[in-house]
Every structure is written in structure tokens, then in C-alpha cells.
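Undergrad: Got a sequence here, can you build the structure:
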Amino acid sequence: MRAISLQILHCSDTHLDKSFGISDLSKAMKRREDLNRNFSTIVDYALKNKPDIFLIAGDVFDKILPTNASRVFLTSQIKLLKDANIAVFIIGGNHDIPRFGAFPSLAIDVLGSAGIATVFSRSDIVQKKIIKVSGKSVCVSGRSYYTKFEGANPLKDIVVPIEGDYNILMIHGSLQGLNVVSSVPEFAYQNPFLAEDITKGLNYLALGHFHNYFEREHKGCTIVNPGSIEKLSWAEINDEKGFVWAELDGSETTTEFVKLETRPMEISQLSLSKNGKYVKGIKNYVLDFLTQISDHEKILKLSFSGLISQNQYYQLKINELVRACNDLFFNLQVDRKELEIEGYGRVFMERLDNPVQAYSKRLDILISKLKPDDPDRQLLESAKSLGIKYLEATK
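TA: This is a model prediction of the structure:
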């Protein structure tokens, strides 16, 4: 007899209410609306196709204290799914869970309190819920991201319930091996685990955390990471964004990656020279170049290279150039790392992070060079946690 199939819509890393660092407030709001629009698209797809369960695998919000507007938006969207009898399950990611101290509840917990979703917000244990779908039992379990020690294996020394005809686990973490590569390198060793850590009998492992989509099979378990729903950094410029529709039919699982439209991003290279014949001046030369490739909806990074004189650089007037292009692009960023100034060489660096971000990024790089079982990793993780706590306390 043919088994009753189970249909799943799986998304992750929605990062609602993200601050994109855009100084123009109206454009900053539109950028947040990019995320809302794509999440609404996912919900509309679910309402049309009626999956049995809807999974959000962490980093629902981009911050632990999102705005009221973002909370209301998410609640209204989840309520639509609830009213359509679609069971919603959510876990917290590293952006949802505080690093230090105890919060009485997470921003996503309101969805559970309101009875419109099941939220597995605990990071110390795996929580579960068993539901019935067409006479078959479905055991959905999940564990939120463990922020206190980011090098911890989320599947080590835990009991994953295998109690249903179909068994699903939600984890926000980093799969090591199986030729999986994160488009954002520093993510790769946060809550890491191996395929061998996956409990036997699990049918579907619903991942979040990596912002790029991947799918793997391991000993009867389908492992899926749908990635973020919008391009959130330049590291993701080549990623396709979307969500996953999965169907479990007995021991067989089929999946489809459903693409989402994202705001266009482009890196454009422009070489300058101290011997260049800039008839109207070097600033107007660059402005003419940008005018030819203008796109009001595009986020553009203009990357300079070459060698120019000090006088040419003074004429270039980067701040004036960016302001002059305000209407040519949705947002323009200028990268001068490869530009040399005669007599000084390369003097420009990337925009500096705040002390907490800079410290965290540096420690992540050091941690990423060590294997998961290296004892020095735990020392670095502890140093990272203590350092962040100290820096945040002195801000």
C-alpha cells in the first residue's frame, strides 16, 4: 500500500528587520521591505499549495529586539498560515538568541504564546511535537542555536526523538563535510556538526544558518539548507535565493528549490591612471561612467584600481561623487582598497566594524582554521565570549 505523503515548505534566515547600513532612511526602509516582500511571497506560495507543515529554521529576525512593526508583520503572516490549517514550526538562530544574560522570552515566543505556531526556543535540549497528517504520525523536533559556546556541536549528547512515521529535526548550525561550503566563510564553524552525528531514522533534517542553498543525502536522511531569502552581504552576490518545497513519501523524498526575486547587486571595476586624459576632470570621468550603467533599483559597488596622483585624488572627492549618484542607483558603495595614491601607495581599508564586530570577526577567522575536535577551539570560543561580554559592557 502506498504511504501517505507529507508536504513541507522549508525556509530559513529571513532576517526580518535587518539594518542594512544605508544612510537614506527611505531607502533603508525599502531594503527592509525587500525581506518582508519575499517572506510574504513564501507565505502566499504556502497558502496556494497547502503544505502540511511550514518550517522556519532560525534567524527569523535579524536582532533579538526587533521593532514592533516587524513583530506585527510576522505575526500577521503566521496567522494567515494558521487560519489555513498549516502547522508552523520555528526555531531560533544566532540572531534570535541573546549571547549573554537571560531573556524571559524571545521575540519569536509570542507566536507560540498566541497559539499560531510551535516554537522550539530552547537551546539546551531538543523539543518535539507529534501531529497527525492523513492518519500518519509526524514527529517534528528542534533545537535553537546555542550562543553561549558557538563551537558546540548541536547534535552531540542529545536525544533526537524518532517517534513518528515521519521524523523531522530542525537545527540552526553548520554541516561539516559532504562538500558543503558556506558563501559566508565565518559561518562555517558556528554550531558545527558532521553527517555522522545525524540520528538514524531521521527522514528530513531542516537546516538554517548558511545563507546559500544546499541539499545532501546521508543514510536515508535528506539534509536541506534553503539559505537566506534575500542577498544580505556582498559575499552572497552569486547566491540564488529561495525556499524549499519537499515531499516525503514513505522512504522517498523529493525536493524543489523555489527561487525568489532579489534586489540586483553588482560589482563594477574601474581602473584609473595618473596619466589618464580626463578632459572634464577625473570626478566627471567617473560620474559619466556611472551614468552609463545607472539602475535605480540596483545596489552597486564601484571598485577602483590603478595609480593616481595626489592632486587627482583630491579632485575625485568621493563623498561628493556618492551624493551625486544618489538618484542613479538604489545604493552606491565605493571600494578603494586596490587604488594607489602616488607617494603613499594603498592607503584605504574596508569600512571598519565597531569593536565588538571587529573582535568577533577576528576570532571567527582564527576559530575557522581549527578542526572541530581541536582543544584550542574551545579556548578561543571562551576568549571570544569573554571578550564580547567585556566590549559590550564598556560601550
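Undergrad: which residues of the stretch 101-250 of the chain fall in strands?
TA: Counting by DSSP state E, counting those that start in this stretch, the segments of the stretch 101-250 of the chain that form strands are 118-120, 127-133, 136-143, 166-172, 174-176, 192-194, 204-208, 214-218, 221-225, 242-249.
Undergrad: As a markdown table, these with distance to A235, mean pLDDT and mean neighbour count would be great.
TA: C-beta here means a position set from N, CA and C on the backbone, and glycine is covered the same way. Shown next, in a markdown table, are the strands of the stretch 101-250 of the chain (distance: least, Cβ to Cβ, whole Å; pLDDT from 0 to 100; neighbours: other Cβ atoms under 10 Å):
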| stretch | distance to A235 | mean pLDDT | mean neighbour count |
| --- | --- | --- | --- |
| strand 118-120 | 28 | 98 | 23 |
| strand 127-133 | 32 | 96 | 15 |
| strand 136-143 | 26 | 97 | 22 |
| strand 166-172 | 18 | 97 | 27 |
| strand 174-176 | 15 | 95 | 21 |
| strand 192-194 | 19 | 94 | 20 |
| strand 204-208 | 17 | 98 | 27 |
| strand 214-218 | 15 | 96 | 16 |
| strand 221-225 | 16 | 98 | 23 |
| strand 242-249 | 18 | 97 | 21 |
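Undergrad: so which of the ones you listed comes closest to K384?
TA: Among the strands of the stretch 101-250 of the chain, the nearest to K384 by Cβ to Cβ is strand 192-194 (14.6 Å).
Undergrad: I'd like to know which elements that closest one is packed against.
TA: For strand 192-194, the elements it packs on are strand 174-176, judged by 3 or more Cβ pairs under 8 Å, 6 or more residues apart in numbering; DSSP states H and E.
Undergrad: picking up where we left off before, can you add distance to L321 and give the strands of the stretch 101-250 of the chain back as a markdown table?
TA: As requested, these are exported to a markdown table (distance: least, Cβ to Cβ, whole Å):
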| stretch | distance to L321 |
| --- | --- |
| strand 118-120 | 47 |
| strand 127-133 | 53 |
| strand 136-143 | 48 |
| strand 166-172 | 41 |
| strand 174-176 | 40 |
| strand 192-194 | 43 |
| strand 204-208 | 39 |
| strand 214-218 | 39 |
| strand 221-225 | 39 |
| strand 242-249 | 35 |
